[in-house]
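Student: After the sequence you'll find the predicted model.
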Amino acid sequence: MSVIDGSTRHRRLLAMFATVLIAAVTASSCATEAGLAEVAVVPEVLTLPEMTVTRFHYPTDDHTTDQNWADLYLPAGPQAVDSIPLVVLIHGGGWQSTLSAGVFDGLARELAGRGMAVYNIEYRRVGSGGGWPTTFHDVARALDYVVEVDKKYPQLTTDDELVVGHSAGAQLAVWAGTRHNLRDDEVGSRPLFRPTRVVSLAGPLDMVYAANHGDKHIVSVLGGRPAEVPQRYTSVDPIQNIDPSVPVIALHGTLDTVVAPANSQRYVAAAKKLGGRAALELLAGENHTSIVSKRSPSFGRVLQVITATSQAELNDLPVK
């Protein structure tokens, strides 16, 4: 939880109550003998009776499209300033336009039901205006817009947060956690907001390895094979941009034939070799899509890992 001074806290409380159409300050109809109106005390906690979902449209460098949005899920219950942990979700689908952020609606609701705020982002993909570098610009802009979302919903914590991605979204999630290390001329550099912990679900975390072993989606989104556009792989490939200070927990199904478990295994091994904080858990009997299905026997474990990673202190995470 970040520390804010009294005046800032007061302004953020007023913003929260204005957002939900509750008057934070009401004047008395009667004046005191001194001629001064009595002012009600601003309450410390707002309570939402049920989970809410609000859509935001984030700006882009060229023009905002109907794909540049993110849904914020707020849990029911008390909403004190800086009290609700934020989880960012980035959906997969091979960076292709076939799937949208709607596939994470169920997961977002499950997490909100556990007391977390969830920011589920959409972005342009190959086949709908995306590809290199647009897809990566969009994800960076969506993440940076958290700063604006926090102004409207000051109950969010945004200083030590988690990003979760599945498949292509896992690559984007790990990349999101290391954008602060990019050169100024690289896509997504100079982040306004960055998560400090990552959960990768069936992620292609070694993009060169994956592309050289038949992953055509990586070649498509980056516009070439590793030998053809090596600088693009160098910039966004998770295994080439390991930050030892950013914990990464990788979950991968043992039966995944779309993104081989070797991707997660290679990444975690490389991170540990560099003194980084990473852990791998292989989920027996799960394939590429079942790992995020509510019908999967392992779905409860996925929820447990996300919840624990979001709420635990960094030093308590099982990533040594």
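Tutor: Nice, thanks for sending it over.

Student: ok, now which ones touch A270?
Tutor: Residues in contact with A270 (Cβ atoms under 8 Å, 6 or more residues apart in numbering) are 206, 239, 242. C-beta here means a position set from N, CA and C on the backbone, and glycine is covered the same way.

Student: quick one: which of the residues you listed sit in helices?
Tutor: Assignment to helices by DSSP state H places none of the contacts of A270 there.

Student: Is it possible to get a markdown table of these that adds pLDDT, distance to H213 and neighbour count?
Tutor: Formatted as a markdown table, these follow (pLDDT from 0 to 100; distance: Cβ to Cβ, whole Å; neighbours: other Cβ atoms under 10 Å):
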| residue | pLDDT | distance to H213 | neighbour count |
| --- | --- | --- | --- |
| D206 | 98 | 9 | 24 |
| I239 | 98 | 14 | 21 |
| I242 | 98 | 20 | 23 |
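
Student: Make CSV from those residues and add distance to G131 to it.
Tutor: Below are the contacts of A270 laid out as CSV (distance: Cβ to Cβ, whole Å):
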residue, distance to G131
D206, 21
I239, 22
I242, 25
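
Student: of all those, which comes closest to P195?
Tutor: Nearest to P195 among those: I242, at 15.4 Å, using Cβ to Cβ.

Student: That closest one and G276 touch, don't they?
Tutor: Yes: under the criterion of Cβ atoms under 8 Å, I242 makes contact with G276 at 5.5 Å.

Student: Strands of the stretch 101-250 of the chain, residue ranges please.
Tutor: All strands of the stretch 101-250 of the chain, identified by DSSP state E, counting those that start in this stretch, fall at 117-121, 156-166, 197-201, 248-253.

Student: what's the closest of those to S83?
Tutor: strand 156-166 (7.1 Å).

Student: Grab the nearest non-local neighbour of L99.
Tutor: Among residues not flanking L99 along the chain, G93 sits closest, at 3.2 Å (Cβ to Cβ, 6 or more residues apart in numbering).

Student: Could you tell me how many residues sit around the one you found?
Tutor: Using other Cβ atoms under 10 Å, G93 has 18 other residues around it.

Student: Please list all residues in contact with it.
Tutor: With Cβ under 8 Å, 6+ apart, G93 has these contacts: 99-100, 103, 125, 167-169.

Student: related to what we said a few turns ago, would JSON lines of the strands of the stretch 101-250 of the chain with mean neighbour count and mean pLDDT be doable?
Tutor: Output for these, formatted as JSON lines (neighbours: other Cβ atoms under 10 Å; pLDDT from 0 to 100):
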{"stretch": "strand 117-121", "mean neighbour count": "27", "mean pLDDT": "98"}
{"stretch": "strand 156-166", "mean neighbour count": "23", "mean pLDDT": "96"}
{"stretch": "strand 197-201", "mean neighbour count": "27", "mean pLDDT": "98"}
{"stretch": "strand 248-253", "mean neighbour count": "27", "mean pLDDT": "98"}
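
Student: Just the pLDDT for T65.
Tutor: Listed pLDDT for T65 reads 88.

Student: now it: how far from K273?
Tutor: The gap separating T65 from K273 is 41 Å, by Cβ to Cβ, to the nearest Å.

Student: the more surrounded of the two?
Tutor: Between T65 and K273, counted using other Cβ under 10 Å, T65 has the larger neighbour count: 17 against 11.

Student: thinking that one is in contact with R124, fair?
Tutor: Yes: if you go by Cβ under 8 Å, T65 and R124 touch, sitting 6.5 Å apart.

Student: tell me which residues of stretch 294-311 are tucked away?
Tutor: Using 16 or more other Cβ atoms under 10 Å as the test for burial, stretch 294-311 gives 296, 298-299, 302-303, 305-307, 309-310.

Student: Sounds good, over and out.
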